[in-house]
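Q: I would like the atomic coordinates for the input below:
(2 chains)
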2 protein chains.
Amino acid sequence: MTQVTRHRVVIVGGGFGGLYAAQALGRAPLDLTVVDRRNFHLFQPLLYQVATGGLSPGDIASPLRAVLKWQENATVLLGEMVDLEPERREVILSDGVLPYDTLVLAAGATHHYFGNDAWAALAPGLKTIEDATEIRRRVFLAFEAAEREPDPERRRAWLTFAIVGAGPTGVELAGALAEIANETLRHDFRHIDSREAGILLVEGAERVLPPYHPDLSAKAASALEGLGVIVLTGAMVSALDEDGLTLRRGATTERVRARTVLWAAGVQASPLGKVLERRVGASLDRIGRVVVGPDLAVPGHPELFVIGDLAHCADAEGKPLPGVAPVAMQQGRWVADLIQARCEGRTVDERFRYRDRGSMATIGRAKAVADLGWVRFGGPPAWFAWVFIHLLYLVEFENRLLVLAQWAWNYVTWNRGARLITGTNPLPLATGAAPDGRPGMRQAS
Amino acid sequence: MTQVTRHRVVIVGGGFGGLYAAQALGRAPLDLTVVDRRNFHLFQPLLYQVATGGLSPGDIASPLRAVLKWQENATVLLGEMVDLEPERREVILSDGVLPYDTLVLAAGATHHYFGNDAWAALAPGLKTIEDATEIRRRVFLAFEAAEREPDPERRRAWLTFAIVGAGPTGVELAGALAEIANETLRHDFRHIDSREAGILLVEGAERVLPPYHPDLSAKAASALEGLGVIVLTGAMVSALDEDGLTLRRGATTERVRARTVLWAAGVQASPLGKVLERRVGASLDRIGRVVVGPDLAVPGHPELFVIGDLAHCADAEGKPLPGVAPVAMQQGRWVADLIQARCEGRTVDERFRYRDRGSMATIGRAKAVADLGWVRFGGPPAWFAWVFIHLLYLVEFENRLLVLAQWAWNYVTWNRGARLITGTNPLPLATGAAPDGRPGMRQAS
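A: As a prediction, this is how the structure comes out:
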């Protein structure tokens, strides 16, 4: 019934790297298995929109099976890789074993709290759908708690939002929170003025968007300040608890009361990096990424590719490529081509080169910055470019349609209709209660 | 600063009853407070679409604050009523106290497992957004587990879905599951044929949609059977566990292996009914609803209204009105008018009369049944009527737009793009694993 054994490719991870590799292997005569712990591809660049109630999870997630259903050589497997047997060429799943001839590891990255793991519960990061709905819950619950809090000091703490880390995600979150406070919720409350919310953007480096050109950092900072965001650069978090955070700036230390702290500061590679270190002696960098050769394979293991956020891939100057979607996409496609070339016995240039088409970050409504290498600009043109590119790269046409409709609506109305407080324990506001137990009872007077 | 004290109306619950009452009090010169545990109004008639991946939670939920933001007499309070002090006219919240002159209780209903509370964890019901995403998780995870299950018996158990209760929700769930199996997932898997899934609809009465006219029950049953649903009427669940359920039909007992059991069988009123029983001696019916007088107030307490699913309101023949959205909407509007009339000292007819405009249920794509009293019909006309009415009653225009776009897309493509498996523990499939621990490894051979 079956033909003679075909080359078996296993891809672990259905993010940008893994999915683009899988799709680029579309018509190749091989057996492809895509393994992911989740049943969907997530468009992470728009996750902050879910966290701020602008989009729904379904708008930015595509079932992997739906994306690959017509690709006949592809099998999708819901599963979690936990180990590797390189000699037997087997991926060990939490509940099974999967043989491969070529393995592509694209398992991505997670949050990094610089050794303060207890901070994870206090200041959620933004990597998964669950992270996004948890941040959404905290943000909108904070306004609810402020509305019911009679004590001005405690009210202020509920209305203070601190975002740690001013990379693209931190900047996007800060801008969206400012718009929520200034516009979306402006007429929603009776006891508070949502515009009084304080939004702090805390960055350890000397400017926001540190990897970008200083011109764009300045443009972004001034756009954020125009929205009322307080930008604190050169500031490190030295302590964090339920009631706020302590910042160290140079020799001074400052205490900020903030009931909502969001973490956009550090990432570390998937723990699968450590599996490769243990099993094939791969080198890991400081944040746990696997150092790969120019062919994106683990040195000495041409059948073992690592791409995307899990890979430490040096550019021409020896600097590692950034952990952004375009790098993962290009690596995915390139590895797919290389695998096909090797299967067919073709000789190709086995050195991956990243083609940097530029970078951008959005701050809010008609506010963004873009750097295309040969030109840098901000304002509405950058924002329209951002909107266009993000719509373009959404995997499914359905999602493009829905996101476009939702964005157009949000733009016209300033609304964010997906601001649902969900989860197993949406109440009580608890700690916001006044000592007499009558927090919400202030009359409008 | 404040004017002379205005009449204080408190509405507990932001469902159909509470929200329609609040909106009907729009321009009344009184102080209105709407209390809800959740920050959104949920359009429950479409919840089954979220449970089956056709719509996202945000599509059918509207932030209560957004809906009422321009209504100046209204304050929205996120809070949970736990008790009542009728003499002091105070609502006791879990974290505060709220005084009222008139109280409208519209706290709705929850699932009822007929004394088998342990069944709740085994067979989730469908009342909240969290219920819907949990059902969605179980349904789509079951197909994933089947894909990885080498043992044919166990695979069949994963591919068997039992829905207990053939009221409108049960019928809608069964129809949607059949479409998912027959069409949506048809090309998604490599080891199973999703069309082999067995969908059982279990009903204790002798026909589906028992409260409807027998003609419609017959039409609905035949439409369901056309989709491959196995309709089991006159069947009671006598046992339920992780692996399936035991049905009693007359004198015979039957064991069905089914890994996914959904509960659409019974409701009971909110526990706030018991609070009224304890505090003002209200009578409760068998399912915990508060027996109200013709004015929808607790007898002897004209300031204490109960509406919607929490109320037992007898019609002209002494039968209680059904727990459906139109009853709650009409009661909400009617109570609002009565409150205003009383405030203004006007005399009105203080007897609520339900105007039954008919009932309908959808089975699937272009399949529905409708009963308008003077005419009963099925097929595409009923389905279009169903679509039109559900779009019409979605509270926000934004949601109408998004649901229409999503439905049009789903209709053309048979897709259900929101079929995300989310939650804190989406994996492992665990119990589906074969004894050798290698469940997913069957090759396509």
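
Q: Show the low-confidence segments of chain A, by residue range.
A: A:1-4, A:424-445 (pLDDT under 70).

Q: the domain parsing of it - what is it?
A: Listed by automatic domain parsing, the domain ranges of chain A are A:8-111+A:268-344, A:119-265+A:359-415.

Q: Quick one: these as TSV, columns for distance to chain B too.
A: Every C-beta, even on glycine, is put in place using the N, C-alpha and C of the backbone. Formatted as TSV, the domains of chain A follow (distance: least, C-beta to the nearest C-beta, whole Å):
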stretch	distance to chain B
domain A:8-111+A:268-344	4
domain A:119-265+A:359-415	4
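
Q: Helices of the stretch 151-300 of chain A, start to end?
A: Using DSSP state H, counting those that start in this stretch, the helices found in the stretch 151-300 of chain A span residues A:152-158, A:168-179, A:214-226, A:272-280.

Q: follow-up on the earlier one: could you dump the domains of chain A into a markdown table with distance to residue B:376 and mean neighbour count added?
A: Putting the domains of chain A into a markdown table (distance: least, C-beta to C-beta, whole Å; neighbours: other C-beta atoms under 10 Å in any protein chain shown) gives the following:
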| stretch | distance to residue B:376 | mean neighbour count |
| --- | --- | --- |
| domain A:8-111+A:268-344 | 35 | 21 |
| domain A:119-265+A:359-415 | 36 | 20 |
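
Q: JSON lines for the ones you listed, including distance to residue B:270?
A: Shown next, in JSON lines, are the domains of chain A (distance: least, C-beta to C-beta, whole Å):
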{"stretch": "domain A:8-111+A:268-344", "distance to residue B:270": "28"}
{"stretch": "domain A:119-265+A:359-415", "distance to residue B:270": "21"}
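
Q: of all the ones you listed, which lies closest to residue A:353?
A: Ranking the domains of chain A by proximity to residue A:353 (C-beta to C-beta) places domain A:8-111+A:268-344 first, at 7.8 Å.

Q: show me the contacts for residue A:360.
A: Counting by C-beta atoms under 8 Å, 6 or more residues apart in numbering or on different chains, residue A:360 touches A:368-371, A:382, A:385-386, A:389.

Q: tell me which of those residues is nearest to residue A:281?
A: Closest approach to residue A:281 among those (C-beta to C-beta): residue A:371, at 38.2 Å.

Q: how about the closest one, what does it touch?
A: A:212-213, A:216, A:358-360.

Q: Between the two ends of stretch A:113-123, how far is it?
A: 9 Å (C-alpha to C-alpha, to the nearest Å).

Q: With stretch A:345-360 instead?
A: Start-to-end span of stretch A:345-360 (C-alpha to C-alpha) is 39 Å.

Q: and the contacts of residue A:360, which of them are in strands?
A: Using DSSP state E, the subset of the contacts of residue A:360 located in strands is A:368-371.

Q: Tabulate these in CSV, adding columns for distance to residue A:225.
A: Shown next, in CSV, are those (distance: C-beta to C-beta, whole Å):
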residue, distance to residue A:225
A:368, 15
A:369, 14
A:370, 19
A:371, 20
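
Q: quick one: contacts for the closest residue to residue A:300 other than its chain neighbours?
A: Spatial nearest neighbour of residue A:300, excluding adjacent residues (C-beta to C-beta, 6 or more residues apart in numbering or on different chains): residue A:280 at 7.4 Å. Counting by C-beta under 8 Å, 6+ apart, residue A:280 makes contact with A:84, A:86, A:298, A:300-301, A:304.

Q: quick one: the strands in the stretch 251-400 of chain A?
A: A:252-257, A:260-263, A:267-269, A:290-291, A:297-298, A:301-306, A:311-312, A:359-364, A:367-371, A:376-378 (DSSP state E, counting those that start in this stretch).

Q: how about the helices in the stretch 301-445 of chain A?
A: Using DSSP H, counting those that start in this stretch, helices in the stretch 301-445 of chain A cover A:325-344, A:379-393, A:397-413.

Q: Just the residues contacting the longest one, thanks.
A: If you take C-beta under 8 Å, 6+ apart as the criterion, helix A:325-344 is touched by A:7, A:9, A:15-25, A:28-30, A:44-45, A:102, A:104, A:106, A:295-296, A:302, A:305, A:307-309, A:311, A:313, A:321, A:347-348, A:350, A:352, A:354-357, A:393.

Q: Off-centre distance for it?
A: 23 Å (C-alpha atoms, centre = their mean, to the nearest Å).

Q: and that helix, C-alpha only, in CSV?
A: C-alpha atoms of helix A:325-344 as CSV (Å, rounded to 0.1, in the frame of the first residue of the first chain):
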residue,chain,number,x,y,z
ALA,A,325,9.0,37.0,13.0
PRO,A,326,10.8,37.9,9.7
VAL,A,327,13.9,36.1,10.8
ALA,A,328,11.9,33.0,11.7
MET,A,329,9.9,33.1,8.4
GLN,A,330,13.0,33.4,6.3
GLN,A,331,14.9,30.7,8.2
GLY,A,332,11.8,28.4,7.9
ARG,A,333,11.7,28.8,4.1
TRP,A,334,15.4,28.6,3.7
VAL,A,335,15.7,25.3,5.7
ALA,A,336,12.9,23.8,3.7
ASP,A,337,14.7,24.6,0.5
LEU,A,338,17.9,23.2,1.9
ILE,A,339,16.2,19.9,2.9
GLN,A,340,14.8,19.5,-0.5
ALA,A,341,18.1,20.2,-2.2
ARG,A,342,19.8,17.7,0.0
CYS,A,343,17.1,15.1,-0.8
GLU,A,344,17.5,15.7,-4.5
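
Q: Taking helix A:379-393 as reference, get the angle to that helix.
A: 30 degrees (axes from the mean of the first three to the mean of the last three C-alpha atoms, to 10 degrees).

Q: now do the last one
A: For the pair helix A:397-413 and helix A:379-393, the angle between their directions (the same axes, to 10 degrees) equals 150 degrees.

Q: for helix A:397-413, packing partners?
A: Contacts defined by 3 or more C-beta pairs under 8 Å, 6 or more residues apart in numbering or on different chains; DSSP states H and E place helix A:397-413 against helix A:57-60, helix A:379-393, helix B:397-413.

Q: And the longest one, how far out from the chain middle?
A: Relative to the chain's own centre, helix B:397-413 is displaced by 21 Å; criterion: C-alpha atoms, centre = their mean.

Q: Repeat that for the shortest one.
A: The offset between the C-alpha centroid of helix A:57-60 and the centroid of the whole chain comes to 14 Å, using C-alpha atoms, centre = their mean.

Q: what sits up against that helix?
A: A:42-43, A:46-47, A:49-50, A:129, A:132-133, A:394, A:399, A:402-403, A:406, B:55-58, B:417-418, B:420, B:422.

Q: again, but for the longest one
A: The list of residues contacting helix B:397-413 from outside it, by C-beta under 8 Å, 6+ apart, reads A:398, A:401-402, A:405-406, A:409, A:413, A:415, A:417, B:43, B:46, B:54-56, B:58-60, B:62, B:365, B:387, B:390-392, B:394, B:415-417.

Q: repeat that with 7 Å
A: Residues outside helix B:397-413 that contact it (C-beta atoms under 7 Å, 6 or more residues apart in numbering or on different chains): A:398, A:401-402, A:405-406, A:409, A:415, A:417, B:54-55, B:59-60, B:62, B:365, B:391, B:394, B:415-416.

Q: Secondary structure class of residue A:6, three-state.
A: The three-state assignment at residue A:6 reads coil, by DSSP: H, G, I helix; E, B strand; the rest coil.

Q: That one touches residue A:28, doesn't it?
A: No: using C-beta atoms under 7 Å, residue A:6 is not in contact with residue A:28; the gap is 9.2 Å.

Q: In the stretch 301-445 of chain A, what residue comes closest to chain B?
A: Per C-beta to the nearest C-beta, residue A:418 is where the stretch 301-445 of chain A lies closest to chain B, at 3.5 Å.

Q: just to revisit the earlier point, TSV for the contacts of residue A:280, including distance to residue A:248?
A: As requested, these are exported to TSV (distance: C-beta to C-beta, whole Å):
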residue	distance to residue A:248
A:84	41
A:86	44
A:298	39
A:300	43
A:301	43
A:304	42
